Every structure is written in structure tokens, then in C-alpha cells.
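Undergrad: I need the structure of the sequence given here:
(one chain, ligands or ions: 2)
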Amino acid sequence: MHSFALSRADDAAKAIAAHAQDPQLAFIAGGTDLIGLMKDRAALPERLLDINGLPDMARIEALPDGGLRIGALARMSDVAADAGVRGRFPVIAEALLFAASGQLRNMASMGGNIMQRTRCAYFRDEDDLPCNKRRPGSGCSALHGLNRNHAIFGWSDACVATNPSDVAVAFAAMDANVIVRGRTGGRSIPFTNFHRLPGSTPEHDHVLDRGDLIVAIEVPARVEGRASHYLKVRDRESYEFALVSAAAAVATDGRRIGSARLAMGGVAHKPWRLFAAETALRRVSLDDSDALKGAIATSFADARPLAHNAFKVELAERVALRALQTAGARA
Ligand SMILES: Cc1cc2nc3c(=O)[nH]c(=O)nc-3n(C[C@H](O)[C@H](O)[C@H](O)COP(=O)(O)OP(=O)(O)OC[C@H]3O[C@@H](n4cnc5c(N)ncnc54)[C@H](O)[C@@H]3O)c2cc1C
Ligand code: SF4
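TA: Ligands and ions are numbered 1, 2, ... in the order given. So this is what the prediction gives:
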């Protein structure tokens with residue numbers, strides 16, 4: 001195990017300044033991803049700054065307007081069990097409950113969850129196989145290697161990895177915002193802009209800079225929030241990352257869809273919003289499966305499967321349909 005120094009932060013401004021000045025320093029919250037990356041030598045920070053003592057960052061608040069504010073240090077299990085979250089946005093609670101294990105969810109923070117790195121086996125592997133995310137410029141072993149679990153949308157020749165977070169898919173569907181405090185003050189980043197596509201710099205997963213601390217995730221009030229659902233398909237029924245997942249939410253007018261929100265996990269380097277399908281779904285009856293399928297298919301015209309994951313295209317379309325129908329049954 002790589003050796004490191006550990007200190008504890010009790011003041012956010014000092015923590016931000018320390019992170020901004022020291023490229024060898026990493027924040028640590030639950031440690032459930034970072035310590036694994038260090039064991040795999042995929043991250044080798046010399047200094048860890050434990051942020052668990054920072055004040056006011058673990059609260060889960062149901063806002064008076066119907067939205068939510070979830071502190072970055074709130075634990076996954078607490079958020080999943082929160083009555084406000086379950087009532088207003090079941091899709092968020094379900095995405096959390098389908099993730100990891102009970103023990104991990106007790107430890108893992110919400111900020112750490114949306115920052116977790118890809119589970120691409122070449123990236124996590126200690127062997128020196130080419131991986132542009134781990135060693136920029138070395139190549140991508142998955143592009144022509146084993147790529148069953150990899151992306152079908154938005155990949156580049158430099159990286160075909162997927163984002164592993166479940167709850168990020170629900171946040172993307174709900175147009176949540178990541179609330180960040182940095183060197184020059186605070187800012188709010190729309191969730192769909194938070195994670196990046198790989199392009200030619202796949203070593204960058206997100207848009208944060210040095211010195212940026214995630215303080216909360218805010219979910220605005222959404223008319224579709226209550227009739228929402230998260231569906232995850234994986235190789236085994238528990239304790240496994242998504243092969244494909246979907247977050248769906250609808251508002252209805254009788255049995256017709258007034259507005260729909262759809263995002264997918266396991267298909268791209270970031271949660272993948274099905275914007276074309278959302279438009280095509282307006283006024284479609286929830287009882288007309290063929291019309292629902294046709295509307296969802298509009299978002300798959302630009303799918304680009306790799307050698308081993310063509311099955312994901314049909315699987316993802318089916319998962320989106322089932323998630324939408326289940327959300328619709330709650331409307
Ligand atoms: C066996 C296993 C199975 C899993 N299965 C799933 C699954 O099915 N679905 C799923 O979604 N996840 C899964 N996970 C991932 C798990 O949810 C994450 O490891 C966890 O959410 C990370 O949170 P943490 O607090 O432990 O983060 P840490 O490990 O402490 O940190 C992770 C990263 O986030 C950064 N960070 C943490 N907090 C902040 C902050 N406030 N501001 C800025 N940066 C910050 C750290 O510097 C680090 O880079 C699994 C993990 C394991 C080990
Ligand atoms: S897909 Fe990305 S993470 Fe995986 S080997 Fe290629 S560059 Fe590395």
C-alpha cells in the first residue's frame with residue numbers, strides 16, 4: 001500500500017485553500033472508492049484531507065418549494081431512507097438502494113459517489129496495460145479488447161469507459177445541480193454538465209478544478225418527481241454495478257404523457273440523457289407500448305456499440321421502456 005499522511009479538516013475555506021495549493025492532496029470522505037484506487041495504484045495522493053468534520057455538509061433538507069438539498073457528506077443509506085427523498089423523488093432513493101451493499105452505503109458519501117471513477121477493469125488493474133485514463137497517452141486497452149461493459153454512446157478512440165454511479169443517473173434525469181465552493185467562491189453546476197465525455201482527455205472525469213469542494217446536490221422541485229423509478233440491470237442481483245440502468249419520471253394528463261424525463265447509466269462516460277425520446281414521448285399514451293418504444297428508439301439512432309456490447313442497445317431500449325412504464329403506473 002502506498003504510504004500517505006492523513007489530516008482532518010474543520011474549516012471549509014482552509015480545506016479549499018490546501019487542496020488548491022497542493023496537487024498531491026486529495027479530499028477523503030467515506031474512502032470507499034479512494035482507498036480502493038490507492039490499493040490498485042490508480043491514485044497515489046501523498047496527503048489525504050479528511051473532510052468528514054466539515055460543518056453543515058451532511059444535512060438532507062426537503063425545501064419548502066418541493067425540492068431537495070442533499071449535503072455532500074450525507075451518507076447514501078441516510079439519503080435512501082429519508083422520507084422527503086422517498087416521497088418526492090423515489091427515483092433517487094431507488095438508485096441509492098440498488099447500489100453497492102448496506103455496509104458500503106452506510107460509509108459512502110453523496111459527494112464521493114458522484115466523484116467515483118470508472119470500473120473499467122483495465123483502469124483498475126495493477127498491471128501496466130495501456131489506459132489513457134490511468135496513464136494519459138498510453139492508449140486504450142478496451143477499445144479493441146474486452147469491452148462488453150463499456151460505452152455505446154459518446155465514446156472516443158481515447159476511452160470507451162462508462163460512469164459507474166447509479167444515483168448520478170437519477171440526478172441527471174431530474175436536472176439536479178452540484179453546489180461547489182472553490183477558490184473564487186461558490187457556483188452551481190447543472191448535473192448534465194458535471195461529468196465530461198472522454199474526448200482526447202479521458203483522465204478528466206468531471207469539470208471540477210483544484211480547490212473545488214462539493215458542498216451539496218440540489219434537486220429542484222419537479223412535477224415529474226413523484227411518478228419516478230430507477231431500474232438497474234446487472235450480471236448478478238446484488239452488490240454489482242449496472243450493465244444498463246434507467247431513471248424515468250413522468251407527469252401525465254390522464255393516460256397521456258405530459259412530460260417525461262429519461263436518463264441511462266452504463267452506456268456512456270457520463271449519465272446519458274435521452275432528450276430526443278423525451279420530446280417524442282409528449283402526448284403518447286402510456287398504454288401504447290409500440291408508440292412508447294418508437295419514441296424511445298429516437299434516442300438510439302446515434303448508438304455506436306463496440307465489438308462485445310451490441311446487446312446493450314436493445315437491452316437499454318427495453319430498460320428505458322420498463323422504467324417509464326413503472327414510473328407511469330405511479331402517476
Ligand atoms: C464493492 C463496491 C461496490 C460498489 N457498487 C456500487 C454500485 O452498484 N453503484 C454505485 O453507484 N456505486 C457503487 N460503489 C461505489 C460507492 O458508491 C462509492 O465508492 C462511494 O459512493 C464513494 O463515496 P465515498 O464517500 O466513500 O468517497 P471517497 O472514496 O472518500 O472519495 C471518492 C472521490 O471523491 C472525492 N470527494 C469526496 N467527497 C468530495 C467532496 N465533497 N468534494 C470534492 N471531492 C470529493 C475524493 O477526493 C475522491 O476522489 C461501489 C463501491 C464498492 C467498493
Ligand atoms: S476505456 Fe478508458 S478507462 Fe478503460 S482502458 Fe480505455 S482509456 Fe482506460
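
Undergrad: what residues does the chain have near ligand 1?
TA: Taking Cβ under 6 Å from any ligand atom as the contact definition, the chain meets ligand 1 at 26-34, 36, 51, 72, 99-100, 104, 107-109, 111-113, 115-116, 164-166, 213-214, 241. In this view, the C-beta of every residue, glycine as well, is placed from N, C-alpha and C.

Undergrad: out of the residues you listed, which are buried?
TA: Burial by neighbour count, 16 or more other Cβ atoms under 10 Å: within these this picks out 26-34, 51, 72, 99-100, 104, 107-109, 111-113, 115-116, 164-166, 213-214, 241.

Undergrad: element containing Ala249?
TA: According to DSSP states H and E, Ala249 maps onto strand 244-253.

Undergrad: buried set for that strand?
TA: Using 16+ other Cβ under 10 Å as the test for burial, strand 244-253 gives 244-252.

Undergrad: tabulate the residues you listed in a markdown table, adding columns for distance to Asp125 and pLDDT.
TA: As requested, the buried residues of strand 244-253 are exported to a markdown table (distance: Cβ to Cβ, whole Å; pLDDT from 0 to 100):
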| residue | distance to Asp125 | pLDDT |
| --- | --- | --- |
| Val244 | 23 | 98 |
| Ser245 | 24 | 98 |
| Ala246 | 29 | 98 |
| Ala247 | 30 | 98 |
| Ala248 | 34 | 98 |
| Ala249 | 37 | 98 |
| Val250 | 41 | 98 |
| Ala251 | 45 | 98 |
| Thr252 | 47 | 97 |
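
Undergrad: from these, which is closest to ligand 1?
TA: Ligand 1 lies nearest to Ser245 out of these, by Cβ to the nearest ligand atom, at 9.1 Å.

Undergrad: what does stretch 133-141 contact?
TA: Identification of contacts with stretch 133-141 by Cβ atoms under 8 Å, 6 or more residues apart in numbering yields 42, 117-118, 120, 122-123, 129-132, 157-161, 198, 201-203.

Undergrad: neighbouring contacts of stretch 179-197?
TA: Here stretch 179-197 makes contact (Cβ under 8 Å, 6+ apart) with 12, 16-17, 20, 69, 114, 154-156, 163, 168, 171-172, 174-178, 204-209, 211-218, 268-271, 273.

Undergrad: how about that stretch, does it reach ligand 2?
TA: No: Stretch 179-197 lies apart from ligand 2 when judged by Cβ under 6 Å from any ligand atom; the minimum separation is 11.8 Å.

Undergrad: tell me the pLDDT of Met1.
TA: Listed pLDDT for Met1 reads 68.

Undergrad: name the nearest residue to Asp209, ignoring sequence neighbours.
TA: Excluding its sequence neighbours, the residue lying closest to Asp209 (Cβ to Cβ, 6 or more residues apart in numbering) is Gly182, at 6.4 Å.

Undergrad: do you know the pLDDT at that neighbour?
TA: We have a pLDDT of 98 for Gly182.

Undergrad: ok, Glu61 next?
TA: Looking at Glu61, its pLDDT reads 97.

Undergrad: is it true that it touches Arg69?
TA: Yes: between Glu61 and Arg69 a contact is recorded at 4.5 Å, counting by Cβ atoms under 8 Å.

Undergrad: for the closest residue to ligand 1 within the chain, helix, strand, or coil?
TA: For the chain, the residue closest to ligand 1 is Gly112, as judged by Cβ to the nearest ligand atom, at 2.1 Å. Put simply, Gly112 is helix when judged by DSSP: H, G, I helix; E, B strand; the rest coil.

Undergrad: quick check: buried residues in the longest helix seen in the chain?
TA: Ranked by residue count and defined by DSSP state H, the top helix of the chain is helix 311-329. Residues of helix 311-329 classed as buried: 312-313, 315-321, 323-328 (neighbour count, 16+ other Cβ under 10 Å).

Undergrad: hmm, the residue of the chain closest to ligand 1 is touching Ile35, no?
TA: No: in this structure, Gly112 is not within contact of Ile35 by Cβ under 8 Å, at 10.9 Å.

Undergrad: would you map the strands across the protein?
TA: Along the chain, counting by DSSP state E, strands occupy 5-8, 25-28, 47-50, 60-62, 68-71, 177-182, 185-190, 213-219, 228-233, 244-253, 256-265, 272-273.

Undergrad: and the fifth one, which strands flank it?
TA: On the basis of DSSP bridges, the sheet neighbours of strand 68-71 come out as strand 60-62 (antiparallel), strand 213-219 (antiparallel).

Undergrad: list the contacts of that strand.
TA: Contacts to strand 68-71, defined as Cβ under 8 Å, 6+ apart, come from residues 56-63, 79, 84-85, 88-89, 92, 110, 179, 215-219.

Undergrad: return the members of those classed as buried.
TA: Buried among the contacts of strand 68-71 by 16+ other Cβ under 10 Å: 57-58, 60, 79, 84-85, 88-89, 92, 110, 179, 215-219.

Undergrad: what separation is there between the residue nearest the centre of the chain and ligand 2?
TA: The chain has Ala168 as the residue nearest its centroid, 2.5 Å off, counting by Cα atoms, centre = their mean. Applying Cβ to the nearest ligand atom, to the nearest Å, the value for Ala168 to ligand 2 is 17 Å.
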